[in-house]
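**Q** Provide a 3D model corresponding to the input given below.
(2 chains)
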Amino acid sequence: MAKNEPKPIEALTYEEAFDELETIVAALESGERPLEESINLFERGQALNKRCTELLEKAELKVQALVGDSLAEFKEEQ
Amino acid sequence: MEQLALFDASPRWTVTNLTRHLRQLLEDDPDLQGIWVEGEISNLSRPSSGHIYFTLKDSGASLRCVMWKTEAVRLRFAIQEGIAIEAHGSLGIYEVSGQYQLYVDSLRPMGEGTLYQEFLRLKALLEAEGLFDADRKRPIPASPRRIGIVTSPTGAALRDMLNTLRRRMPLVEVILAPTPVQGEEAPPAIVTALQTINRVVSPDVILLARGGGSIEDLWAFNDERVVHAIRKSQAPVITGVGHETDFTLADFAADLRAPTPTAAAELATAETVNDLQQTLVMIEQVLVGRLGTLFERLRNLLEGSQSGLRFYSPLRRVQSERQHLDDLSRRGNASQVHHLELLAVNLKGFENRLTALSPISVLQRGYAVVTKDKRVVASKSQVQEGDALCVRLQDGEFGARVIEVG
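**A** Next up, the predicted model:
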């Protein structure tokens, strides 16, 4: 992930968003950053946290089945 | 002959004594005590006493059998007229009718015993090969992203596992490798499914499962080929075969044995969506905490620079040296004054922005912080009707109760 040009938040997967969030928390905890950068990090952190929460709320289990060596959508019997 | 009969030395018995003697003979013979007898059930009778009476037959003979109520209640299967069984018990005599009979303490369907012997033989063999060694067990990842499932696509086991995963961790990706799980074709099909799923999708963990059934139904999971395939799997394998009490060789070979398919899905998702939500709430608190510290740093810096400005900036000179200012103004050189004013406005803006970010100022705008048991409530999923909450406003807090969760 390019540090200077972060992906738009709404394009991130849960893992990507959470990994970046953890990096930001670690960076903020070190407390060594210039103030302006810290505030930017804080704002991005807030947005990432919101993104993660939303992704958790609307997550749906994705089920696929192997057909030979390839994957196909699996329809569950209800 | 009559004379002889009167004076010979032949032993004399009462019927009771003779019967007791015979009973003793039978009961003292270790070959007739604690034995298995195989045959077909006939003349089955289950009176209200709860005891079971039947005759065990084969082509050449029959044997009266009785099973007392205390043992009969432990029967694991339905006994019926005509089925082939193996009865375990001891031979004795019912003196009143002079009837010798087998006092049965347990019954099993014919063949189960042979299967069990085979199970023990294979288990010892594979154990000796080290396939069940504890140090071969791989750890199960706490938060797998991709879970492989090897089971029948139509069974209740799959439905149970998917429902469990959906409830606990809907973020995971599930890949099913469908396979028959009973019958002759099952073992090689299970082996292929395990190989294919490892090769094609490299899952983080694999669930190998089947719903409950008889020992014959579960037999594919005692197959040597299946045991080897589990050990050769790149991903760790969790088995969930049958019910709590069923142990198969696949269970012994697995990295982790779950008592049921549902339990296997639970063990594969140690970290649930709930845990993730709590982590996010915690991170939110950390972030806001860091912001507080930042705010503090900025305030100190601002105060520092403001006093610096006051003491060392041209503004102080401007204020104290009115004369000089007048001179400057008179000379129309207002640009320096303007610059200083601009600087002050910038500082004010910076401070306002900081204040806006502070949690306290958010409260001043009329927002509230709601907590339950000292934890911040960030989602309606955290509260239920009737919960006691604490609502914090800018000037203090008060208690509240949840009336309705929309």
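**Q** you'd agree residue B:126 is up against residue B:224?
**A** Yes: applying C-beta atoms under 8 Å, one finds residue B:126 in contact with residue B:224, separated by 6.8 Å. All C-beta spots, glycine's among them, are computed from the backbone N, C-alpha and C.
**Q** what sits in contact with each of those two?
**A** The contact sets of residue B:126 and residue B:224 overlap at residue B:249 (C-beta atoms under 8 Å, 6 or more residues apart in numbering or on different chains).
**Q** between these two, tell me which one has more neighbours.
**A** residue B:126 (19 against 15; other C-beta atoms under 10 Å in any protein chain shown).
**Q** for the chain, what spans make up the strands?
**A** Went with chain A since none was named. Using DSSP state E, the strands of chain A run over A:62-67, A:70-73.
**Q** you looked at the wrong chain, it should be chain B
**A** B:35-45, B:52-57, B:62-67, B:84-94, B:99-109, B:146-151, B:173-178, B:205-210, B:237-241, B:256-258, B:369-372, B:375-376, B:388-393, B:396-401.
**Q** low-scoring stretches of chain B, by residue?
**A** Applying pLDDT under 70 to chain B flags the ranges B:1-7, B:297-298, B:301-365.
**Q** all helices for chain B, in order.
**A** Secondary structure of chain B (DSSP state H): helices located at B:2-7, B:15-28, B:69-72, B:112-128, B:156-168, B:186-201, B:224-232, B:249-253, B:261-267, B:273-312, B:314-320, B:322-330, B:335-357, B:359-364.
**Q** near residue 65, how many other residues are there?
**A** Chain wasn't specified; assuming chain A. By other C-beta under 10 Å, neighbour count at residue A:65 equals 17.
**Q** you looked at the wrong chain, it should be chain B
**A** The burial count for residue B:65: 23, using other C-beta under 10 Å.
**Q** now swap in residue B:178 and tell me
**A** With other C-beta under 10 Å as criterion, residue B:178 counts 18.
**Q** to residue B:110, which of the strands of chain A lies closest?
**A** strand A:62-67 (38.9 Å; C-beta to C-beta).
**Q** for residue 33, list the residues it contacts.
**A** All of this is about chain A. Per C-beta under 8 Å, 6+ apart, neighbours of residue A:33: A:27, A:41.
**Q** switch to chain B, that's the one I care about
**A** By C-beta under 8 Å, 6+ apart, the neighbours of residue B:33 are B:27, B:90-91.
**Q** highest neighbour count among the residues you listed?
**A** residue B:91 (19 neighbours).
**Q** what's across from it in the sheet?
**A** residue B:102 (DSSP bridges).
**Q** next up, the contacts around it.
**A** B:26-27, B:29, B:32-33, B:35, B:100-103.
**Q** just the buried subset of those, written out for ChimeraX, thanks.
**A** Restricted to buried positions by 16 or more other C-beta atoms under 10 Å in any protein chain shown, the ChimeraX selection for those reads:
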select /B:100,101,102,103
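**Q** which of the contacts of residue B:91 lies closest to residue B:257?
**A** residue B:35 (34.2 Å).
**Q** that closest one and residue B:75, how far apart?
**A** Between residue B:35 and residue B:75 the computed distance is 19 Å (C-beta to C-beta, to the nearest Å).
**Q** which residues touch residue A:71?
**A** Residue A:71 is in contact with A:64-65, B:175, B:200-201, counting by C-beta under 8 Å, 6+ apart.
**Q** was I right to think residue A:59 contacts residue B:171?
**A** Yes: under the criterion of C-beta under 8 Å, residue A:59 makes contact with residue B:171 at 4.9 Å.
**Q** more neighbours: these two, which one.
**A** The residue with more neighbours, out of residue A:59 and residue B:171, is residue B:171; 21 against 16, by other C-beta under 10 Å.
**Q** where does pLDDT dip in chain A?
**A** Ranges of chain A meeting pLDDT under 70: A:1-6, A:31, A:35, A:78.
**Q** before we move on, back to that, out of the contacts of residue B:33, which is nearest to residue A:13?
**A** Comparing the contacts of residue B:33 against residue A:13 with C-beta to C-beta places residue B:90 closest, at 68.3 Å.
**Q** let me have the contacts of residue A:71 in JSON lines, adding distance to residue B:290 as columns.
**A** Output for those, formatted as JSON lines (distance: C-beta to C-beta, whole Å):
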{"residue": "A:64", "distance to residue B:290": "40"}
{"residue": "A:65", "distance to residue B:290": "45"}
{"residue": "B:175", "distance to residue B:290": "40"}
{"residue": "B:200", "distance to residue B:290": "44"}
{"residue": "B:201", "distance to residue B:290": "39"}
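**Q** of all the residues you listed, which comes closest to residue B:267?
**A** When these are ranked by distance to residue B:267 (C-beta to C-beta), residue B:175 comes first, at 17.9 Å.
**Q** quick one: residues contacting the closest one.
**A** A:63-66, A:71, B:146-149, B:197, B:201, B:203.
**Q** output those as CSV; include the columns distance to residue B:256.
**A** Shown next, in CSV, are the contacts of residue B:175 (distance: C-beta to C-beta, whole Å):
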residue, distance to residue B:256
A:63, 22
A:64, 24
A:65, 24
A:66, 23
A:71, 26
B:146, 17
B:147, 13
B:148, 14
B:149, 15
B:197, 17
B:201, 20
B:203, 15
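**Q** could I have the buried ones of these as ChimeraX selection syntax?
**A** Here is the ChimeraX selection string for the buried members of the contacts of residue B:175, based on 16+ other C-beta under 10 Å:
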select /A:63,65,66 /B:147,148,149,197,201,203
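**Q** out of the strands of chain B, nearest to residue A:77?
**A** The nearest among those, by C-beta to C-beta, is strand B:173-178 at 12.4 Å.
**Q** list the neighbouring strands of the closest one plus their orientation.
**A** strand A:62-67 (parallel), strand B:146-151 (parallel).
**Q** send the alpha carbons of it over as CSV?
**A** Presented in CSV, the C-alpha positions along strand B:173-178 are these (Å, rounded to 0.1, in the frame of the first residue of the first chain):
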residue,chain,number,x,y,z
GLU,B,173,-15.0,-17.0,2.9
VAL,B,174,-16.2,-20.5,2.8
ILE,B,175,-15.2,-23.1,0.1
LEU,B,176,-17.1,-26.4,0.0
ALA,B,177,-15.5,-29.5,-1.4
PRO,B,178,-18.5,-31.7,-1.8
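**Q** what about residue 68, neighbour count?
**A** Here I'm looking at chain A. Neighbour number of residue A:68 under other C-beta under 10 Å is 8.
**Q** that's the wrong chain, I meant chain B
**A** Residue B:68, neighbours per other C-beta under 10 Å, totals 14.
**Q** skipping adjacent residues, who's closest to residue B:56 in space?
**A** residue B:39 (3.7 Å; C-beta to C-beta, 6 or more residues apart in numbering or on different chains).
**Q** oh sorry, the question was meant for residue B:188
**A** Leaving aside its chain neighbours, residue B:188 sits nearest to residue B:225 (6.6 Å; criterion: C-beta to C-beta, 6+ apart).
**Q** what do you get for residue B:377?
**A** Going by C-beta to C-beta, 6+ apart, residue B:377 has residue B:370 as its nearest residue, at 4.5 Å.
**Q** tell me how far residue B:217 lies from residue A:15.
**A** 40 Å.
**Q** check residue B:137 too.
**A** In terms of C-beta to C-beta, residue B:137 sits 27 Å off from residue A:15.
**Q** can you show me the helices along chain A?
**A** A:14-30, A:35-58.
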